[in-house]
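J.: structure for the following, please:
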Amino acid sequence: MRRRHVTVRLVFALLLIGLGSSSIHGQEVDSIQAVDGVRISYSSEGSGELALVFVHGWTCDRTHWRFQVPEFRKSYRVIAIDLPGHGASGANRKSWSIDGLGVDVATIVRGLGLKNVVLVGHSMGGPVALAAAPKLRGVLRGIVAVDSIHDVEFSFPPGAADRMVKRFEDDFDAAWTRFMTGFFTDDKSEVLKSILKKADVPDRKAATSLLASYNRFDWKLALSAAGVPVRAINAAAPYPTAIKVNQKYGDFDAVQMQGVGHFLMLEKPTEFNRHLQIIIDQLGKKH
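T.: Residues are numbered from 1 along each chain as shown. Sure, this is the predicted structure:
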């Protein structure tokens with residue numbers, strides 16, 4: 001899968017049915033049930049007036065924020081979610097969509113009683129955060145999209161999105177390996193190795209359905225409806241961010257990092273964390 005195909009496209013009813021907790025890899029992980037009963041796992045660390053809610057990308061999990069959580073928990077409450085169909089969360093859902101995951105994120109925020117929130121979403125986590133935004137009026141201060149929002153006016157050539165999904169339907173494992181490898185110019189990257197060696201690739205039916213939903217996502221409408229500042233931390237190459245195009249649809253701006261690929265928060269975490277801190281400071285001043 002070519003990088004462009006991913007980076008420019010991958011009434012709220014809250015029912016808090018139950019809470020639970022378990023220990024995964026030595027870390028305490030709690031959970032909340034979604035409105036349809038699916039269990040959503042998350043970790044919560046640190047404290048502070050502002051809560052940062054980290055939302056991972058497609059076929060990833062909350063461990064992809066492993067260089068951010070220890071740093072930002074020093075000053076903020078930090079929530080890292082495993083979206084349904086991913087990580088330790090449940091996958092017993094009949095229908096999968098970006099909008100549905102947006103409801104899940106809002107369920108976590110409301111269920112934890114968070115009152116002052118910034119959503120940080122990588123890749124697919126960007127549109128998930130945008131989908132959650134209208135459900136979080138009054139508590140959401142802003143969204144930070146991580147290599148997610150490049151050009152909201154981009155559209156696929158006819159049939160291209162369907163052909164991509166078909167490759168996953170035909171042979172998910174082979175398509176997934178090509179997909180992830182395509183994000184890196186160096187096929188010996190340690191970050192790539194760490195991604196490929198993970199044995200817990202999420203539920204394949206969920207993943208394929210979410211990929212199709214991602215490709216249909218209405219970026220222009222979602223950015224217009226967000227109602228909060230949206231800031232991006234994107235890779236500068238090979239496709240620069242169309243900042244002025246995106247600004248036609250909402251309060252948008254972007255930082256573009258050099259020398260990184262799609263997983264920039266893992267590739268250059270120190271630089272990424274510095275950019276994220278600056279954006280958080282700016283969002284705090286606006287509110």
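
J.: who are the packing partners of the host helix or strand of residue 280?
T.: Per DSSP states H and E: residue 280 is located in helix 269-286. Counting contacts by 3 or more C-beta pairs under 8 Å, 6 or more residues apart in numbering; DSSP states H and E, helix 269-286 packs against helix 69-72, strand 117-122, strand 140-146, strand 230-235, strand 252-257, helix 264-267. Yep, even glycine has a C-beta here, placed from its N, CA and C like the rest.

J.: out of the ones you listed, which comes closest to residue 166?
T.: Closest approach to residue 166 among the helices and strands packed on helix 269-286 (C-beta to C-beta): strand 117-122, 25.4 Å.

J.: on that earlier part again, of the helices and strands packed on helix 269-286, which approaches residue 172 most closely?
T.: strand 117-122 (21.1 Å).

J.: for the helix or strand following that closest one, what is the distance to the chain centroid?
T.: Downstream of strand 117-122, the first helix or strand assigned by DSSP H and E is helix 125-132. Relative to the centre of its chain, helix 125-132 is centred 7 Å away, using C-alpha atoms, centre = their mean, to the nearest Å.

J.: residues in contact with helix 125-132?
T.: Helix 125-132 has contacts (C-beta atoms under 8 Å, 6 or more residues apart in numbering) with 54-57, 83, 98-99, 101-103, 105-106, 109, 119-121, 140, 143, 145-146, 148-149, 214, 217, 219, 222-223, 225-226, 230, 232.

J.: list the ones among those residues that fall in strands.
T.: Those of the contacts of helix 125-132 mapping onto strands are 54-55, 119-121, 140, 143, 145-146, 230, 232, per DSSP state E.

J.: okay, now the unreliable bits of this protein?
T.: 1-28, 198-201, 285-287 (pLDDT under 70).

J.: how much space between the most centrally placed residue in it and residue 82?
T.: Centroid-nearest residue in the chain: residue 125, 1.6 Å away (criterion: C-alpha atoms, centre = their mean). From residue 125 over to residue 82 the distance is 12 Å, taken as C-beta to C-beta, to the nearest Å.

J.: any shared contact partners between these two?
T.: Common neighbours of residue 125 and residue 82 (C-beta under 8 Å, 6+ apart) are residue 56.

J.: please report how far residue 143 lies from residue 53.
T.: Applying C-beta to C-beta, the value for residue 143 to residue 53 is 10 Å.

J.: got phi/psi on the most far-flung residue of the chain relative to its centre?
T.: Relative to the C-alpha centroid of the chain, counting by C-alpha atoms, centre = their mean, residue 158 is the outermost residue, at 26.4 Å. Backbone torsions for residue 158, taken as degrees, to the nearest 10, come to phi -50, psi 130.

J.: next, count neighbours for residue 247.
T.: Residues lying near residue 247 (other C-beta atoms under 10 Å) number 15.

J.: and the gap between residue 69 and residue 38?
T.: 23 Å.

J.: that should have said residue 207, apologies.
T.: Residue 207 is 15 Å from residue 38, by C-beta to C-beta.

J.: equivalent analysis for residue 272, please.
T.: 30 Å.

J.: neighbour-wise, which of the two wins?
T.: Using other C-beta under 10 Å, the more surrounded residue of residue 272 and residue 38 is residue 272, with 22 against 19.

J.: how many residues are close by the residue nearest to that one when sequence neighbours are not counted?
T.: Nearest non-adjacent residue to residue 272, counting by C-beta to C-beta, 6 or more residues apart in numbering: residue 265, 4.6 Å away. Counted with other C-beta under 10 Å, residues neighbouring residue 265 total 26.

J.: pull the contacting residues for residue 265.
T.: Applying C-beta under 8 Å, 6+ apart, the residues contacting residue 265 are 64-65, 67-68, 122, 146, 233, 272-273.

J.: try 7 Å
T.: Residues counted as contacts of residue 265 (C-beta atoms under 7 Å, 6 or more residues apart in numbering) are 65, 67-68, 122, 146, 272.

J.: buried subset of the residues you listed?
T.: Neighbour-count burial (16 or more other C-beta atoms under 10 Å) is assigned, among those, to 65, 68, 122, 146, 272.

J.: I'd assumed residue 234 was in contact with the last one.
T.: No: counting by C-beta atoms under 7 Å, no contact exists between residue 272 and residue 234, whose distance comes to 10.9 Å.

J.: ramachandran angles for residue 114?
T.: phi -70, psi 140.

J.: for the closest residue to it other than its chain neighbours, list each beta-bridge partner.
T.: Leaving aside its chain neighbours, residue 114 sits nearest to residue 51 (4.6 Å; criterion: C-beta to C-beta, 6+ apart). Note on residue 51: beta-bridge partners by DSSP bridges are residue 77, residue 117.
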